[in-house]
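Participant: Give me a 3D structure for the following:
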Amino acid sequence: MAVGIRKTTFDEFFDNRNALIYKYQKGDLSKKEFIEEHYYFITRLNLKPFQRIDSFEKGVYNYQYFNAVAKYNTLRLRDKKLIEKHPDLIREIENKVKYNYHKKDESIIKLLRYLDFENIEAYYIKSKSEYLNNKLIEIVLLDYDNTIFHTINIGIVDELEREGVFEDVRKRSKIDNYVNKKY
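Facilitator: Modelled structure (predicted):
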């Protein structure tokens, strides 16, 4: 880095995100390890989600923040020792997962509105999961590298249709090896 140029928090966030994606694609991280590393990094950043989405960076950060917290807590729900010893905590974690997926979806729609739904494509993806099949949609921001969102929120589908950017087809995900990998 050149002298006098300071890395912003967003630079650090996007650099780390891209490094984790690269390590996952190379096979150096499992999906579980990717989720854990991403969660640990976001918590170390100590940057809370933004109330207003007035930039691409803030929108992606919020999506990633809420998605990371939801996925990490989903991992915790699979911990048999935790389930046996702390059933009350399990209910709290389940509520945290629901809350964070809800906030993730809010982040998606706020960012799409900020971007005026321009240069976006959205469609259902082929899923190996019985539950997610014909529900999970992929939203690709064509102007930005590695910017793909996923949701099952029907309200978002409705808004994407109204904006003319949702294609009612099933396609293979652009990140199929991640999306269809169990963790």
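Participant: Would you list the phi and psi of the nearest residue in space to N180 that is not next to it in sequence?
Facilitator: Closest residue in space to N180, ignoring its immediate chain neighbours: K128 at 4.6 Å, by CB to CB, 6 or more residues apart in numbering. Quick note: C-beta positions are derived from backbone N, CA and C, even for glycine. Dihedral pair for K128: phi -80, psi -20, per degrees, to the nearest 10.
Participant: Show me the contact partners of the helix or strand harbouring N67.
Facilitator: Here N67, judged by DSSP states H and E, is contained in helix 56-76. Outside helix 56-76, the residues within contact range by CB atoms under 8 Å, 6 or more residues apart in numbering are 10, 13-14, 17, 32, 35-36, 38-39, 42, 47, 49-50, 52-53, 82, 93, 96-97, 100-101, 103-104, 107-108, 110-111, 114-115, 144, 147, 149, 183.
Participant: buried ones in it?
Facilitator: Buried residues in helix 56-76, counted by 16 or more other CB atoms under 10 Å: 56-74.
Participant: How about stretch 124-140?
Facilitator: 124-125, 127, 132, 136-140.
Participant: just the angle between the longest helix seen in the chain and helix 56-76, please?
Facilitator: Counting by DSSP state H, the longest helix found in the chain is helix 87-114. On the basis of axes from the mean of the first three to the mean of the last three CA atoms, to 10 degrees, helix 87-114 is oriented at 160 degrees to helix 56-76.
Participant: Would you mark the buried spots in helix 87-114?
Facilitator: In terms of neighbour count (16+ other CB under 10 Å), helix 87-114 has its buried residues at 90, 93, 96-97, 100-101, 103-112.
Participant: next one: stretch 148-160
Facilitator: Neighbour-count burial for stretch 148-160, counted by 16+ other CB under 10 Å, picks out 149-153, 156-157, 159-160.
Participant: same thing with stretch 41-48?
Facilitator: 41-42.
Participant: ok, and what's touching it?
Facilitator: For stretch 41-48, using CB under 8 Å, 6+ apart, the contacting residues are 9, 12-13, 16, 20, 61, 64-65, 68-69.
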